[in-house]
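Trainee: sequence plus the predicted model coming up.
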Amino acid sequence: MKAFNRRSIPTALALTGMLAYGLLIPWMGFYWDDWPFAWILHFKGPVELMRSFFPFDPLIGPVFFLTSSLLGGSTLVWQIFGLLVRMLVSIALLWSLNQVWPKFPRQVAWVAFFFLVYPGYGQQWVAFTHANQEWISFGCFILSLGVTARSVRAGSPFKLTALALALQAVGLMTTEYFLGLEVLRPLIIYFALESAIDRKGARAWGAVRLWLAGYVEVWLLAGVGQFLFHRSPWYGGHPIEVENPLGVGLAQFGLDMFNELVNTLTTAGFSSWTTSLGYLVQPYLAVADWLLLGLVVFSLALLFIYLSRVDASFKQSPHKGGWAGQAMLLGLAGIVAGRGPSLLAGMPVSLKFDWDRLLISMMLGASLLVIGLLDYFVREDRRKIFLVSLLVAVSIGGQFHNANSYRRAWATEREIFQQLAWRIPALKPGTALVTHELPIPYVSDFQLTALLNWTYAPSLTGENLPYVLLYTKTRLGGPALPKLTPGLPTETIYRTLTFHGSTSDMVVIYAPADGCLRVLDPVYGTARTVAGLNYMLTDAIPLSNPDRIETGAGQAVLPAQYFGVGDEDTWCYFYEKAELARQSGDWDVVSKLYKQAQAKGYGPRQPGENLIFIESFARAGDPGTAAKLASAMLKAEPSLCPAVREILERVATASPKTTATDAFDDLLDKSPGCK
């Protein structure tokens, strides 16, 4: 079979990127800070989006201004853009490392493949945010390392050095993520000087001198500037907290740093790769599981064939200085130095969302380290190529698994907000929606606040934020939700806007992962009506004020470009409309909606969703149907018996002559949860 030309490697990288990240792109959406950025772009424009970064990363604002002006707010466009940036940065790494090690194109290509699919970083699909906020800067920094190596090999001509300095400045000054990686540059200069200077001492001094001739100044300027800004009163993000070793004892500080070093190397260098293997040994219960396995096998076959047949110039003898040793040294330095900025900010290194974003600064080191180890310990070429292909293929499978998780999260987000729009046609300005946590991964309350305002304030002007979504899990005790006490003022600063409200102007909601969204309140939506609520949410129910909901308003409309037309042919549509009718006091409509749902073959997703219909039939003088629904519900969830008793008390109060109580007596006596 004819060998592939070396010039095919960038194309192979692009195809690998498509397999790892591109297969589910049409079904992806916005995640994490994508929502605030898209919302500001839509309502305020790219200039205001740029201005919103001033308290966080002021120099990254122009990047967002440029890209958002060109690309707009389409989720598909941003996902494609994020994938293209990821591919281009990997190709930039391929070029840069070839400038460092021009005699080792095969190992360099392996590093580029590993870097492209690095499984420890799982936030590729937070595209609007991370493509702009980190990846463009990272690409500039990686290119600066390559241009530095090329400049050194060419005798350090002014134009190449100036270009390297400019790329370095962009890579380091726009974000603090990559400041630690600058320690790789003097090592790279040292490696590049190997052919020109034999003596190691002279070579080391030459590397230091070249690094001091401009590069270190840019690094210090960026580092000191970032440090001073992060410590200034204008900074609104994570503070830098340099721990005082004398405060904990020098020995304890040393032990803590050693443990941190071991954890960082283990997590970034090894656990990140082995995690993807776990997806292959899990039970294959869903179609997606079999697709993942098929993708891994397909990728393994393609990669092994390709990497085995990239042209013969890849088969070179070991370098006298030991390429593997240089790669491992650079890899260890890259992991440890890449951890520095996040360690100073007190952030953990973890493979879990959303901390896995911090591994972006360690993935270059991790890729170099693993390839260096593999190249050193595995001698036989075909075995080496097979292991490289296997790890890349397994990582492709791991990224596909991540992509499918993001796809499901987007579907869940759209479903929950559609239910919210059905249940709440409009809200009075100054209202806070409060819940413990929504079952939507990859996005939190402040991010979803953008979507909430997009839905209920589609003509927003001014600097006041009309609505806010708050999680008691994270906001209770802060200025956004100081205490669960009525009448307390609240404030939420949201980029360039501010929400002012009161703890008496809240609507408490609950959205289970396997049920329909509910508005909780002190009468119809008490803690007794839902099993297993967190105490922070049940404590908030007495503050829930359904009067903040404008029941007579027209249907709330979600942003059509992201949600399309809501599917009303679902159980939750009838349930939400029944809840809205109940709030308006129209019990006859509630009963009719239940019958319409039954006629379509729909039924409750959770037992407690029967409560409203039990009450509507009891009030309508149909105790038989009410008792039948209650019987089925209590068999599935006996703990809802107190909620049934509350219904009977309300019905008896509203209609003293009702016979509903008689019909329920025997049922309640026999139910285990009622004893």
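Mentor: Alright, I've got the coordinates.

Trainee: need the residue closest to the centroid of this protein.
Mentor: What sits nearest the mean C-alpha location of the chain, by CA atoms, centre = their mean, is Y442, with 3.8 Å.

Trainee: so that residue makes contact with W32?
Mentor: Yes: between Y442 and W32 there is a contact under CB atoms under 8 Å: 6.0 Å. All C-beta atoms are positioned from the backbone trio N, CA, C, and that covers glycine.

Trainee: identify the contacts common to the two.
Mentor: Residues touching both Y442 and W32 (CB atoms under 8 Å, 6 or more residues apart in numbering): V126, D354.

Trainee: ok so, going back, got the phi/psi numbers for the residue nearest to the centre of the chain?
Mentor: Here is the backbone geometry of Y442 (degrees, to the nearest 10): phi 70, psi 20.

Trainee: any figure for the gap between it and T264?
Mentor: Separation of Y442 from T264 (CB to CB, to the nearest Å): 24 Å.

Trainee: again, but for L93
Mentor: In this view, L93 and T264 are 21 Å apart by CB to CB.

Trainee: for this structure, what helix or strand is lowest in average pLDDT?
Mentor: Within the chain, no helix or strand scores below helix 245-248, which has a mean of 56 by mean pLDDT, DSSP states H and E.

Trainee: tell me, how many residues neighbour the nearest residue to I440 once chain neighbours are set aside?
Mentor: Leaving aside its chain neighbours, I440 sits nearest to E413 (4.9 Å; criterion: CB to CB, 6 or more residues apart in numbering). By other CB atoms under 10 Å, the residues close to E413 number 24.

Trainee: same check on P283?
Mentor: 6.

Trainee: can you check V557 too?
Mentor: Neighbour count for V557, taken as other CB under 10 Å: 14.

Trainee: F227 now?
Mentor: Counted with other CB under 10 Å, the neighbours of F227 add up to 15.

Trainee: mind checking the SS state of it?
Mentor: Recorded secondary structure, F227: helix (DSSP: H, G, I helix; E, B strand; the rest coil).

Trainee: pLDDT score for it?
Mentor: The confidence metric pLDDT takes the value 80 at F227.

Trainee: and what of L83?
Mentor: Note for L83: predicted pLDDT of 97.

Trainee: which residue is the nearest non-sequential neighbour of the residue nearest to the centre of the chain?
Mentor: Y31 (4.2 Å).

Trainee: swap in F141?
Mentor: With sequence-adjacent residues excluded and distances taken as CB to CB, 6+ apart, F141 is closest to G171, at 2.8 Å.

Trainee: point out where the stretch 201-350 of the chain drops to low pLDDT.
Mentor: For the stretch 201-350 of the chain, applying pLDDT under 70 flags the ranges 232-248, 311-321.

Trainee: after whichever helix or strand the residue nearest to F141 is part of, which helix or strand is next?
Mentor: For G171, the host element (DSSP states H and E) is helix 158-173. Counting by DSSP H and E, the next helix or strand C-terminal to helix 158-173 is helix 184-192.

Trainee: next, the angle from the following helix or strand past that following helix to helix 158-173.
Mentor: Helices and strands here follow DSSP H and E; after helix 184-192, the next one along the chain is helix 200-210. With axes from the mean of the first three to the mean of the last three CA atoms, to 10 degrees applied, the angle from helix 200-210 to helix 158-173 works out at 70 degrees.

Trainee: need the CA coordinates for helix 200-210. CSV is fine.
Mentor: Provided in CSV are the C-alpha atoms of helix 200-210 (Å, rounded to 0.1, in the frame of the first residue of the first chain):
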residue,chain,number,x,y,z
LYS,A,200,25.7,21.8,27.8
GLY,A,201,26.8,24.6,30.1
ALA,A,202,27.4,27.1,27.2
ARG,A,203,24.1,26.0,25.7
ALA,A,204,22.2,26.6,28.9
TRP,A,205,23.8,30.0,29.3
GLY,A,206,22.9,30.8,25.7
ALA,A,207,19.3,29.8,26.3
VAL,A,208,19.1,32.0,29.3
ARG,A,209,20.6,35.0,27.5
LEU,A,210,18.1,34.6,24.6
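
Trainee: and for that helix, what are the contacting residues?
Mentor: Defining contact as CB under 8 Å, 6+ apart, one finds that helix 200-210 is touched by V152, S156, P186, L187, I189, Y190, L193, E194, I197.

Trainee: a markdown table for those residues, including neighbour count?
Mentor: Converted to a markdown table, those look like this (neighbours: other CB atoms under 10 Å):
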| residue | neighbour count |
| --- | --- |
| V152 | 24 |
| S156 | 16 |
| P186 | 20 |
| L187 | 19 |
| I189 | 25 |
| Y190 | 22 |
| L193 | 20 |
| E194 | 16 |
| I197 | 15 |
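
Trainee: out of the residues you listed, which one sits closest to G603?
Mentor: L187 (65.3 Å; CB to CB).

Trainee: contacts only, for the closest one.
Mentor: Counting by CB under 8 Å, 6+ apart, L187 has contacts A207, L329, L330, A333.

Trainee: tell me which strands and helices the longest helix anywhere in the chain is in contact with?
Mentor: Using DSSP state H, we find that the single longest helix of the chain is helix 381-423. Applying 3 or more CB pairs under 8 Å, 6 or more residues apart in numbering; DSSP states H and E, we find helix 381-423 packed against helix 105-117, helix 272-278, helix 287-308, helix 363-377, helix 445-456, helix 560-563, helix 571-583.

Trainee: SS state for P348?
Mentor: Going by three-state DSSP: P348 is coil.

Trainee: now do the contacts for it.
Mentor: Taking CB under 8 Å, 6+ apart as the test, what P348 contacts is W355.

Trainee: repeat the analysis, applying 10 Å as the threshold.
Mentor: Contact partners of P348, counting by CB atoms under 10 Å, 6 or more residues apart in numbering, are E260, N263, T267, S342, W355, L358.

Trainee: please apply the same query to V388.
Mentor: Residues in contact with V388 (CB under 10 Å, 6+ apart) are 106-107, 109-111, 113-114, 303-304, 307, 370-371, 374-375, 378.

Trainee: any idea how far it is from T264?
Mentor: 24 Å.

Trainee: coming back round to it: what's the spacing between the longest helix of the chain and its chain's center?
Mentor: Offset of helix 381-423 from its chain centre (CA atoms, centre = their mean, to the nearest Å): 12 Å.

Trainee: can you name the next helix or strand after it?
Mentor: Following helix 381-423 in sequence, per DSSP H and E, is strand 431-435.

Trainee: and of the contacts of P348, the nearest to I549?
Mentor: Using CB to CB, W355 is the member of those that lies nearest I549, at 36.6 Å.

Trainee: that closest one contacts G346, doesn't it?
Mentor: No: assessed by CB atoms under 10 Å, W355 is found out of contact with G346, at 11.6 Å.

Trainee: thanks again, I'm all set now.
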